[in-house]
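>>> The amino acid sequence is not available; the structure is as follows:
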């Protein structure tokens, strides 16, 4: 490796080198100081002190699979829990079947929205939380697949008086098709980002599901008031507004992971991206800045490396070696986290997706801004 001779460099070269050094240090800080924490996060110390829990489930037109769904959700080996089902104006026999099931199974509680309304998802959450008998709530979706028998036991064992929420990993089941792959990559990347920042003391989430939280978080801040018109995101808005440092726990235990069985829909990945943009817009300025700095420095680091390799070819080994160190570190972090979550077959795609994620984010930011500006003028 050839040492850089600064005496032979021009001012332009010096400025580019200084910029490269700054963004390289920033990115190394993010990798070593933020993301590595989640990859090395030790297994949780579980305290066997179960809390009463309500599993909240909003659904619509599910008569074909409602019996199997209720059998799966009410068959967990955990004593003190109930399943609060919110029927979202089903047009089939879902409500009738649920009523019959609730009569024979005390774990099932049913409530229903009587008519189609604006902000249906938020209205369903609101009525479900009002009817939930337990102080601790966890949301699932009708697409939730098989759940580990240890799920609720280990989840509640993470709680204590100083904890407001415990967060598990959620992704979709592996299936054929590139759209399924994109959704898995996006959800993994979102968990990696939010989970790392939770451990760093700036907690926020991109997903409302598989989050065990205090019901009081919702009612102490007047619920969705002044948040009804925010599309895509629901309880994430409440969580991110109320989560406090050291009062939120994250787990990489695969027994606490949830897999959703969803059909191959070309719009799923786009909705995930739009939802993430909405959530990032709602964060505090300090959190938005840290996420922006991560995206910005990642893009600039690549651009500066290419530029310096072109104009300072004599030192190509130096720049190449530094980037190899950076990429190896990122690969190690991704691999360890995937292993902890038992997420298979997305190692290389995850690494590449993380590198281009800032470009995807900024493209969606720009498109959202242009759409908003156009609609405002129209």
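Arrived safely, thanks for sending. What you see is a predicted model, and the numbers here were worked out from it, not measured in a lab.

>>> Surely residue 111 is within a helix?
No - under DSSP: H, G, I helix; E, B strand; the rest coil, residue 111 sits outside any helix and is assigned strand.

>>> Nearest spatial neighbour of it, chain-adjacent residues omitted?
residue 131 (4.9 Å; CB to CB, 6 or more residues apart in numbering). All C-beta atoms are positioned from the backbone trio N, CA, C, and that covers glycine.

>>> can I assume that neighbour is in contact with residue 84?
Yes - under the contact definition of CB atoms under 8 Å, residue 131 touches residue 84, with a separation of 6.0 Å.

>>> Compare those two (neighbour count), which wins?
The neighbour comparison of residue 131 against residue 84 (other CB atoms under 10 Å) goes to residue 84, with 24 against 15.

>>> who's in contact with the more buried one?
The neighbours of residue 84, taking CB atoms under 8 Å, 6 or more residues apart in numbering as the test, are 54, 55, 56, 57, 109, 111, 128, 131, 132.

>>> Repeat that for residue 53.
Here residue 53 is in contact with 78, 80, 81, 82, 134, 136, 137, 138, 152, 155, 156, 212 (CB under 8 Å, 6+ apart).

>>> Make a ChimeraX selection of the buried ones in those.
Buried residues among the contacts of residue 53 (16 or more other CB atoms under 10 Å), as a ChimeraX selection:
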select :78,81,82,134,136,137,138,152,155,156,212
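
>>> Let's have the contacts of residue 53 in JSON lines, adding pLDDT.
Below are the contacts of residue 53 laid out as JSON lines (pLDDT from 0 to 100):
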{"residue": "78", "pLDDT": "89"}
{"residue": "80", "pLDDT": "90"}
{"residue": "81", "pLDDT": "94"}
{"residue": "82", "pLDDT": "95"}
{"residue": "134", "pLDDT": "93"}
{"residue": "136", "pLDDT": "96"}
{"residue": "137", "pLDDT": "97"}
{"residue": "138", "pLDDT": "97"}
{"residue": "152", "pLDDT": "93"}
{"residue": "155", "pLDDT": "92"}
{"residue": "156", "pLDDT": "92"}
{"residue": "212", "pLDDT": "97"}
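
>>> Narrow the contacts of residue 53 to those in helices?
152, 155, 156 (DSSP state H).

>>> shouldn't residue 293 be in contact with residue 26?
Yes - at 6.7 Å, residue 293 counts as touching residue 26 under the criterion of CB under 8 Å.

>>> Where do the strands of the stretch 101-250 of the chain begin and end?
108-113, 136-140, 165-167, 170-172, 211-214, 248-250 (DSSP state E, counting those that start in this stretch).

>>> Point me to the residue sitting closest to the centre of the chain.
residue 206 (3.6 Å; CA atoms, centre = their mean).

>>> now the closest residue to that residue other than its chain neighbours: how far from residue 315?
In this structure, residue 206 finds its nearest non-sequential neighbour in residue 190, 4.0 Å apart by CB to CB, 6+ apart. To residue 315, residue 190 is 37 Å away according to CB to CB, to the nearest Å.

>>> Check residue 201 too.
Applying CB to CB to residue 201 and residue 315 gives a distance of 38 Å.

>>> Looking only at neighbour counts, state which of these two leads.
residue 315 (18 against 10).

>>> Got the domain ranges for this structure?
As assigned by automatic domain parsing, the chain contains the domains 6-40+287-377, 53-277.

>>> looking at those domains, which is buried most?
Most buried of those by mean neighbour count (mean count of other CB atoms under 10 Å) is domain 53-277; its value is a mean of 18.

>>> Off-centre distance for that domain?
Chain-centre distance of domain 53-277: 12 Å, with CA atoms, centre = their mean, to the nearest Å.

>>> Can we start the residue count at 2 from this point?
Yes, from this point I'll number from 2; that puts the last item at domain 54-278.

>>> end to end, how far does that domain reach?
31 Å (CA to CA, to the nearest Å).

>>> Tell me if I'm right that residue 145 and residue 258 touch.
No - Residue 145 lies out of contact with residue 258 (CB under 8 Å); the separation is 11.0 Å.
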